[in-house]
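>>> Kindly generate the corresponding structure for this input.
(one chain, ligands or ions: 1)
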Amino acid sequence: MESSLDRYLREHSSRPCEALSWIEKQTNIRTKYPQMLSGPVQGELLKMLVQISGAETALEIGSFTGYSSACIALGLPEGGRLDAYEINDELEDLMREGWERAGVSGKIRLHLGDAAELLAAEACGGSGSGTRRYDFAFIDANKREYLRYYELVLPLLRPGGLLVADDVLWDGKVYADPVPHDAQTAGLVAFNDFVAADPRVEAVVLPLRDGLSIIRKK
Ligand SMILES: C[S@@+](CC[C@H](N)C(=O)[O-])C[C@H]1O[C@@H](n2cnc3c(N)ncnc32)[C@H](O)[C@@H]1O
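Sure, this is the predicted structure:
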């Protein structure tokens with residue numbers, strides 16, 4: 001159920017293109033947890049951050065039905081590239097159709113599998129991508145693994161590059177008193193605490209939707 005604040009934000013932000021609305025609709029019809037999708041306001045913000053930062057290369061961990069990937073890719077210039085990682089291969093057809101409709105399939109390379117394992121293997125020279133450099137990264141997968149994703153992604157980000165992490169407030173659980181002991185909350189608390197103290201980056205946490213961290217590599 002959309003809150004009145006969320007409705008107001010949506011109604012006063014730029015409208016998504018038809019292809020993005022199609023992905024959102026299909027996600028609602030065809031998946032179990034459609035609320036995982038970023039949605040129009042966060043999607044527009046991702047696109048804008050990519051555009052403002054002048055990013056040409058991007059990485060995404062956790063693509064789901066391809067909504068945020070399409071937003072990031074729409075912000076990239078012609079010839080830009082997004083490496084999108086998703087563990088659930090059943091979502092591939094839906095993702096690819098949405099990207100085709102949005103006219104961004106040529107910019108996106110989909111990597112199916114566990115992002116942490118794939119990136120760790122690549123870092124060891126597995127598929128020659130140890131030299132990859134990204135201008136922009138979006139982390140939105142398994143909350144227990146955020147710190148692991150961060151440590152894998154940060155070395156791949158160019159100085160001045162942006163890393164955006166979703167769901168960092170986790171419905172307020174990360175600052176509840178007492179903080180619940182479940183593994184997902186613990187993963188996000190560890191991630192937020194680590195980033196706040198990490199001298200390699202500057203960060204700001206925004207209370208948009210379930211919390212969004214905007215992290216800039218120095
Ligand atoms: C919150 S959803 C992503 C939503 C998407 N970024 C969007 O905004 O539309 C999280 C996704 O991460 C995927 N995921 C979970 N663990 C993963 C992993 N280890 N590697 C890659 N993807 C993973 C899930 O299958 C799910 O589709």
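>>> Any stretches of the chain with poor pLDDT?
Judged against pLDDT under 70, the low-scoring parts of the chain cover residues 126-131.
>>> how about the residues of it near the ligand?
Contact residues, the chain versus the ligand (C-beta under 6 Å from any ligand atom): 36-38, 61-64, 67-68, 85-88, 114-116, 140-142. (Glycine included, C-beta is placed from N, CA and C.)
>>> Just these: which are in helices?
Among the residues of the chain next to the ligand, the members found in helices (DSSP state H) are Y67, S68, A115, A116.
>>> Check these against L49 and report the nearest one.
Compare each of those with L49 using C-beta to C-beta and the shortest gap goes to S68, at 11.5 Å.
>>> right, and that closest one touches G43 too?
Yes: distance between S68 and G43: 6.3 Å, which falls inside the contact criterion (C-beta atoms under 8 Å).
>>> So between these two, which is more surrounded?
A side-by-side neighbour count of S68 and G43, using other C-beta atoms under 10 Å, places S68 first with 27 against 24.
>>> Could you measure from the more buried one over to H181?
Shown here: S68 relative to H181, a distance of 29 Å by C-beta to C-beta, to the nearest Å.
>>> now G80
When distance is defined by C-beta to C-beta, G80 is 42 Å away from H181.
>>> Which of these two has more residues huddled nearby?
In terms of neighbours (other C-beta under 10 Å), G80 is the more surrounded of G80 and H181; the figures are 21 against 7.
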